[in-house]
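Chemist: I would like the atomic coordinates for the input below:
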Amino acid sequence: MATSLPQSFYRAEQVREGEQAVARALDIPMYQLMLRAGQAVFDSINQYYPNAARLLIVCGAGNNAGDGYVIARLAKSAGLNVTIWSLVAPEKLSGDAATAWQEWQDCGGSVIKTQPTVTQFDVIVDAMLGTGLSRAVEGDFAQAVRVINHCHVPVVAVDIPSGLCANSGCVKGVAIAADITVTLIALKQGLLTGQAVTHRGELIFAGLNVATAFARQAEPAGQLISDDIKTQCLPPRARSAHKGQFGRVLCLGGDHGMAGAVTLCAQAALRTGAGLVKVVTQKDHTLMLVTRQPELMTQSWAPGQSLGDALSWATHIVIGPGLGRVRGRMHSGPSLSRHGCLRLLMRMD
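Modeler: Predicted coordinates for the structure are as follows:
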């Protein structure tokens, strides 16, 4: 199991298709990957909750449930008290999930189909819904999610918290709030975006010994920003360099009473290396700006004033921080609204 996250992340469909392609290329049965997945999650449970003796594994359908049955068998073999709460009749499982269910039966395991008293367990494993979720969670699954989220028992999610979209990170109705998520083979985009940070808990990556091969044959959807990437994008500057060599940023924003956003924007431009930064804003904000950040240049805005010189001066333009959406006038003075700024720019074109 990897101790750090990979830099590349992928969409759910890329992982589903890619893991099958990699398994074929490496001549690994898909069920072998399921066994490795179960082992990786069980290892994480042992690492983070070494004193856990009573394990509740909540299973749905599909391969996520199959992972749950593998975890259950490993935990039972290790002497833990294991209960499987199945939200789908296991007899309806197919493929590798059915094989995992059969092996759980063969070692003397059973399931319950009614809600247990979840507070009696030391750890709950979420093996309900995987990365293929495309609609809102409802029915017994939604009820199980709510019960688990309110029981104050540590939760370990298999691959992704049930109810979280693997591509967007949005919640499909309701979603498990996990303490740990063990994601498998490749990092899913939805574990890094949207509401994921609220639901995934600590993110652990398990490559199942195929992650390198997967990365070779799949084009990532994106990459995490690492120190290496930052170094490449921001190389050392010559000792003779001066501010005129590093761009001129124009920040246009900050209507009456909303100076904070454009101030923060301008400060961020300076901190990330912009050579010269100018702020066009309401007159009553200019003193505050230079008092807070004396490196900033300011220009007050007045009705009918041309922005041609400021726009021609800039190499980069930011429009929007603190402009609001009001058309016409704000408070007692002229509005520096988003609508008004866009009209000024269109007139210049």
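Chemist: give me the element V279 is part of.
Modeler: Here V279 sits within strand 276-281, counting by DSSP states H and E.
Chemist: what's the spacing between the spatially closest residue to N51 that is not a sequence neighbour and A75?
Modeler: Excluding the flanking residues, the one nearest N51 by Cβ to Cβ, 6 or more residues apart in numbering is D122, at 7.4 Å. No exception for glycine: its C-beta is placed from N, CA and C like everyone else's. Relative to A75, D122 is positioned 11 Å away (Cβ to Cβ, to the nearest Å).
Chemist: ditto for L26
Modeler: Counting by Cβ to Cβ, the gap from L26 to A75 is 28 Å.
Chemist: just to revisit the earlier point, ok, the residue nearest to N51 touching P50?
Modeler: No - using Cβ atoms under 8 Å, D122 is not in contact with P50, being 10.5 Å away.
Chemist: of these two, who's got more company?
Modeler: Of the pair D122 and P50, D122 is the one with more neighbours under other Cβ atoms under 10 Å, namely 16 against 7.
Chemist: quick one, phi psi at A314?
Modeler: Per-residue torsions, A314: phi -80, psi 150 (degrees, to the nearest 10).
Chemist: That one: neighbour count?
Modeler: Around A314 there are 20 residues (other Cβ under 10 Å).
Chemist: Please name the nearest non-neighbouring residue to it.
Modeler: Nearest one to A314, counting by Cβ to Cβ, 6+ apart, is L250 at 3.6 Å.
Chemist: before we move on, the earlier item: in its sheet, what does the strand holding V279 sit against?
Modeler: Strand pairing for strand 276-281, determined by DSSP bridges: strand 248-252 (parallel), strand 297-300 (parallel).
Chemist: Take these and lay them out in TSV including mean neighbour count.
Modeler: Output for the strands paired with strand 276-281, formatted as TSV (neighbours: other Cβ atoms under 10 Å):
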stretch	mean neighbour count
strand 248-252	25
strand 297-300	17
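Chemist: who's the residue nearest to A314 bridged to?
Modeler: Those that pair with L250 in a beta bridge, by DSSP bridges, are K278, I317.
Chemist: That one and V279, how far apart?
Modeler: From L250 to V279 the distance is 8 Å (Cβ to Cβ).
Chemist: Which residue ranges of this structure form helices?
Modeler: Listed in chain order, the helices found in the chain under DSSP state H are 12-25, 30-48, 62-77, 95-106, 139-149, 196-199, 211-217, 227-233, 259-271, 286-292, 308-313, 338-348.
Chemist: and the longest one, what does it pack onto?
Modeler: Spelled out, it's helix 30-48. helix 12-25, helix 62-77, helix 95-106, strand 123-127, strand 155-158, strand 180-184, strand 202-206 (3 or more Cβ pairs under 8 Å, 6 or more residues apart in numbering; DSSP states H and E).
Chemist: Run through who's touching the first one.
Modeler: If I follow you right, that is helix 12-25. Residues outside helix 12-25 that contact it (Cβ atoms under 8 Å, 6 or more residues apart in numbering): 10, 28-30, 32-33, 131-132, 166-167, 185-186, 188-190, 210, 213-214, 217-219, 221.
Chemist: Ok, the longest one next?
Modeler: Taking contacts as Cβ under 8 Å, 6+ apart, the residues outside helix 62-77 that touch it are 34-35, 37-39, 41-42, 45, 55, 57-59, 82, 84, 86, 88, 90, 93, 95-101, 103-104, 107-109, 125, 127-130, 132, 158-159, 162.
Chemist: from the residues you listed, which would you call buried?
Modeler: 34-35, 37-39, 41-42, 45, 55, 57-59, 82, 84, 86, 88, 90, 93, 96-101, 103-104, 109, 125, 127-130, 158-159, 162 (16 or more other Cβ atoms under 10 Å).
Chemist: Could you tell me how many residues sit around I112?
Modeler: Burial of I112 is recorded as 11 neighbouring residues (other Cβ under 10 Å).
Chemist: for it, what are its contacts?
Modeler: T83, I84, W85, S86.
Chemist: again, but for I28
Modeler: Neighbouring residues of I28 by Cβ under 8 Å, 6+ apart: V22, V210.
Chemist: ok, G320 to V197 distance?
Modeler: G320 is 25 Å from V197, by Cβ to Cβ.
Chemist: Check G253 too.
Modeler: 28 Å.
Chemist: Compare neighbour counts for these two and give me the winner.
Modeler: More crowded of G253 and V197, by other Cβ under 10 Å: G253, with 27 against 12.
Chemist: Tell me the pLDDT of the more buried one.
Modeler: You'll see G253 listed with a pLDDT of 92.
Chemist: And L344, by the same measure?
Modeler: 48.
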